[in-house]
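Novice: curious how this folds, go ahead:
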Amino acid sequence: MKRIFLCITLLIVLLLNYNLSAISLEKNAFSFSDGSGSCREETERQNALKYATKIKEVVVAENFEEFTSMIHYPIAINDYYGEGKYVVVENKEQFLKLDKKIVFNEHLKKSLKTNEIFGNWRGFMIGDGDIWFDTVYPHTYFKIKAISIFD
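Specialist: Numbering: from 1, shown residues only. Okay, here's the model as predicted:
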């Protein structure tokens, strides 16, 4: 009887530790806002959540080089010059010439703190449309397709 009690107690302790570690791991992970992404398959939604987390890590670390490799070119960056104007960047080399401080501004970093993404038939959105990304043909990997910089 003591062995059964000991086994059950040990099992409860292990389960509690597992649940607590899962909570702490998920604290920084993204989730979908209510009902978003329902037109996407579950596997694609889960992969989108992982990719959003990767974008967040790269922006927070200000790894401009890696960020440029996550982009689908050509890309329009909204409000780069302010006043609602945008710039079209044709390739990675042009993107690397942009001002890192403008791209990785405080607004973009703040939008990544929401930990929610929205998904529909157009793709997946972080923040209020600050970054849009989606799968790229042949639908096997994600790339950033739009960036909006609001200061």
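Novice: low-confidence ranges in this protein?
Specialist: Low-confidence segments of the chain, defined by pLDDT under 70: 1-39, 138-139, 151.
Novice: center of it, which residue is that?
Specialist: With distances taken as C-alpha atoms, centre = their mean, residue 52 lies nearest the centre of the chain, 1.4 Å away.
Novice: so it sits in a helix?
Specialist: Yes - counting by DSSP: H, G, I helix; E, B strand; the rest coil, residue 52 is found in a helix.
Novice: which residue ranges form the strands in the chain?
Specialist: Assigned by DSSP state E, the chain shows strands spanning 31-32, 75-78, 86-89, 116-120, 123-126, 131-136, 141-148.
Novice: and the angle for the last one with strand 131-136?
Specialist: Inter-element angle recorded for strand 141-148 and strand 131-136: 150 degrees (by axes from the mean of the first three to the mean of the last three C-alpha atoms, to 10 degrees).
Novice: got the buried residues for strand 141-148?
Specialist: Buried residues in strand 141-148, defined by neighbour count with 16 or more other C-beta atoms under 10 Å: 142, 143, 144, 145, 146, 147, 148. (Glycine included, C-beta is placed from N, CA and C.)
Novice: which ones are touching the second one?
Specialist: With C-beta atoms under 8 Å, 6 or more residues apart in numbering as the criterion, the residues that contact residue 143 are 70, 71, 72, 133, 134, 135, 136.
Novice: just the buried residues from those, in ChimeraX please.
Specialist: Filtering the contacts of residue 143 down to the buried ones (16+ other C-beta under 10 Å) takes a single ChimeraX command:
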select :70,71,133,134,135
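Novice: mind listing the helices for this structure?
Specialist: Along the chain, counting by DSSP state H, helices occupy 2-26, 42-60, 64-69, 92-96, 100-103, 106-111.
Novice: now residue 134, nearest residue through space, not along the chain?
Specialist: Distances taken as C-beta to C-beta, 6 or more residues apart in numbering put residue 123 closest to residue 134, at 3.3 Å, once the chain neighbours are dropped.
Novice: now the strands of the chain in TSV, with distance to residue 65?
Specialist: Output for the strands of the chain, formatted as TSV (distance: least, C-beta to C-beta, whole Å):
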stretch	distance to residue 65
strand 31-32	29
strand 75-78	16
strand 86-89	15
strand 116-120	24
strand 123-126	20
strand 131-136	17
strand 141-148	14
